[in-house]
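S.K.: Can you look at this prediction? I've put the sequence above it.
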Amino acid sequence: MKTKRHGILAVTAAMLLITALFITNCMEPLDLGGLAGKSTKGFITLSVDESSLRTIMPTLPTIQSYSVELRQGVTLITTIYDLDFTSAESIEVAEGTGYTITVNAFIDGTPGTVASVGTDLAGRGVSAAFNVTETGPNQAAVTLLPLTDGNGEGTFTWNIVLPVGVNEPDSALMEIIPISGGSVISGLPGDVNPVDLLDNAANLTGTAVLQSGYYHVVITATKALHQTRTISEVLHVYENMNSSTPVITVPNLNVTSTWTITFNDIDGEGDSDTLTYTHGALLTADDDDDFNTLYTKAVMDTVRTDLVPFVGWYTGDGVGLGGWGDAWTLATRRVITSMNLYARWDIADKYPTTITLTDLAIANNTPNVNAVINFTKQDHWGGDAQVTLTISNFGDFDAGSVVWRSEAGTVITQGAGETFTINFDTMDYLNDVGVHYIYVEATTNTGTTPWSIIIRINVTL
């Protein structure tokens, strides 16, 4: 007996069961598992930045209709339009070998006929090759994946909050930089990339149309004599989907206009003195000219003739875990926070130069990494300040693709492996009290999908 359904004519036919599942995120994004090391300040806190955690991902839309293409080899046997995949679907297929099923998912249209299904494609999947026999079981599983090949378009929606008042930046830009896939961007304010976030308050929020693919979103805020703030994230744009950021709050560029510097051990016997500076001033530019009168090297060389000579002013006290920290360069380094400086005399170091912390650990797969390293002068240790970060799910990524970026977005190292050691002596900007960032990016070891994570470093006295 001959039967016909969905355009298939078969003398001997069997039922084929089809399942389709839409997946936009088949793995966990980059995650940090543990850290260990040494510190340079009284407290150092490292954590995932909760205001903008990681990769900007699209919202999965509601699928309204499907088209299902049955092929044998490269030959299209039939296309079916009346399946809705509210549950597994079955169709009648002639016995044979080398079949494949292609499922196209649309965000518009209704199941029925070729005229009723949608045109806005959101995902596509192709089954593995299979055979159909009369006795079965005959099953085909299709994984629907979003489209990132640049042949379609998606949208990106942003919401950015900038510092205000005395902390308002002089310049604030948002730049969208293609990584792979598409590169055409439209709908930005004034059709200009990067977007000037200060040109119009309306520019702080908006939606742009981008070709499907992967991009960097880089937000940079600057102010004269202030610390530059840069936030960098990976953006996934899928065809006919919208990727939306949470509210991204750019941290303050500074918190006050005047600072106090305490000069310690000014006489080699432990005495101290405090001077006040305007933000961004050199040490030699205090209002009363006290530094030039009292604390230059020429003057300090005369304080203790038994210590030859006076070396300079340092950020560390020489006896704590952070050692001497780093030397303060009078000609170029400016005051951007209240802090202690210590007179260093030409005297032999009394304490070991290194210390290894063995009791600091964070459980793997903890999404918000938080750790506090405490120490006091009574520890009597010296040496470099370092903190080691470890990517807990490093095995999911291509080792050569792992990139560690500085706060300014500059590549620090690439392909170095699952651990990275922050050295607070060589990365000078991390010695400044305040909030800092380090960014990590990597692509999967089974494809080219990029992911990112932000490490927030809070440094306090």
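M.R.: Received, thanks.
S.K.: where along the stretch 1-150 of the chain do the strands fall?
M.R.: Read by DSSP state E, counting those that start in this stretch, the stretch 1-150 of the chain holds these strands, from start to end of the chain: 3-5, 8-10, 13-22, 32-37, 43-48, 65-72, 75-80, 89-94, 96-106, 121-126, 130-132, 139-146.
S.K.: avg pLDDT for the third one?
M.R.: When the per-residue pLDDT values of strand 13-22 are averaged, the result is 64.
S.K.: Next: the second one.
M.R.: Averaged across strand 8-10, pLDDT comes to 30.
S.K.: cool, and the first one?
M.R.: The predicted model assigns strand 3-5 a mean pLDDT of 31.
S.K.: Likewise for the fifth one?
M.R.: The average pLDDT for strand 43-48 rounds to 36.
S.K.: cool, the fourth one as well?
M.R.: In this model, strand 32-37 carries a mean pLDDT of 37.
S.K.: And the helices in this protein?
M.R.: Per DSSP state H, the chain carries helices over the ranges 290-294, 297-300.
S.K.: and the first one, what does it pack onto?
M.R.: Helices and strands touching helix 290-294, as assessed by 3 or more CB pairs under 8 Å, 6 or more residues apart in numbering; DSSP states H and E, comprise strand 272-278. C-betas here are computed from N, CA, C, even on glycine.
S.K.: now do 10 Å
M.R.: For helix 290-294, the elements it packs on are strand 258-264, strand 272-278, helix 297-300, judged by 3 or more CB pairs under 10 Å, 6 or more residues apart in numbering; DSSP states H and E.
S.K.: Next, the buried residues of the second one.
M.R.: Along strand 272-278, the positions that meet the burial threshold by neighbour count (16 or more other CB atoms under 10 Å) are 275, 277.
S.K.: Could you tell me the angle between that strand and strand 258-264?
M.R.: On the basis of axes from the mean of the first three to the mean of the last three CA atoms, to 10 degrees, strand 272-278 is oriented at 160 degrees to strand 258-264.
S.K.: now strand 272-278: mean pLDDT?
M.R.: 88.
S.K.: Likewise for the shortest one?
M.R.: For helix 297-300, mean pLDDT rounds to 85.
S.K.: just stretch 450-461 next, same as before
M.R.: In this model, stretch 450-461 has an average pLDDT of 66.
S.K.: likewise stretch 140-155?
M.R.: The pLDDT scores in stretch 140-155 average 88.
S.K.: Settle this for me: residue 115 is touching residue 65, isn't it.
M.R.: No - counting by CB atoms under 10 Å, residue 115 sits too far from residue 65 to count as a contact (11.2 Å).
S.K.: Of those two, which one has the most company?
M.R.: Relative neighbour count places residue 65 above the other of residue 115 and residue 65, with 23 against 7, counting by other CB atoms under 10 Å.
S.K.: need the contact list for the nearest residue to the more buried one once chain neighbours are set aside.
M.R.: Leaving aside its chain neighbours, residue 65 sits nearest to residue 109 (3.8 Å; criterion: CB to CB, 6 or more residues apart in numbering). Listed by CB atoms under 10 Å, 6 or more residues apart in numbering, the contact set of residue 109 reads 63-67, 81, 115-120.
S.K.: can you list the weak-confidence ranges in the stretch 351-461 of the chain?
M.R.: Across the stretch 351-461 of the chain, the ranges flagged by pLDDT under 70 are 351-389, 391-394, 416-419, 422-435, 447, 456-461.
S.K.: you'd agree residue 455 is up against residue 440?
M.R.: Yes - using CB under 10 Å, residue 455 is in contact with residue 440, at 6.8 Å.
S.K.: okay, and the common contacts of residue 115 and residue 65?
M.R.: Each of 81, 109 lies in contact with both residue 115 and residue 65 under the rule CB under 10 Å, 6+ apart.
S.K.: so what's residue 439 up against?
M.R.: Residue 439 makes contact with 49, 216, 218, 230-234, 403-407, 409, 411-412, 452-455 under the criterion CB under 10 Å, 6+ apart.
S.K.: what about residue 111, distance to residue 182?
M.R.: If you measure residue 111 against residue 182 using CB to CB, to the nearest Å, the figure is 30 Å.
S.K.: ok, those two, which is more surrounded?
M.R.: When neighbours are counted by other CB under 10 Å, residue 182 comes out ahead of the other of residue 111 and residue 182, with 21 against 18.
S.K.: Once you drop chain neighbours, what's closest to that one?
M.R.: When the adjacent residues along the chain are set aside, residue 182 lies closest to residue 211, with 2.2 Å between them (CB to CB, 6+ apart).
S.K.: One more: residue 151?
M.R.: For residue 151, the spatially nearest residue (CB to CB, 6+ apart) is residue 212, at 7.1 Å.
S.K.: Mind picking the two most distant members of the contacts of residue 109?
M.R.: Spatial extent of the contacts of residue 109 (CB to CB) is set by the pair 63 and 115 at 18.4 Å.
S.K.: ok, back up a step: identify the bridge partners of the residue nearest to residue 182.
M.R.: Going by DSSP bridges, residue 211 is paired in beta bridges with residue 153.
S.K.: Just give the number of residues close to it.
M.R.: For residue 211, the count of nearby residues is 21 (other CB under 10 Å).
S.K.: Relative to residue 156, how far out is it?
M.R.: Plainly put, residue 211 is 11 Å away from residue 156 if you go by CB to CB.
S.K.: shared neighbours, these two?
M.R.: Shared contacts of residue 211 and residue 156, defined by CB under 10 Å, 6+ apart, comprise 185, 237.
S.K.: Quick check: residue 68 touching residue 76?
M.R.: No - using CB under 10 Å, residue 68 and residue 76 do not qualify as a contacting pair, with a distance of 11.4 Å.
S.K.: Show me which of those two is the more surrounded one.
M.R.: Each of residue 68 and residue 76 had its neighbours counted (other CB under 10 Å), and the higher figure belongs to residue 68 (22 against 11).
S.K.: excluding its backbone neighbours, what's nearest the more buried one?
M.R.: Here the nearest residue to residue 68 in space, its sequence neighbours aside, is residue 80; by CB to CB, 6+ apart that works out to 4.4 Å.
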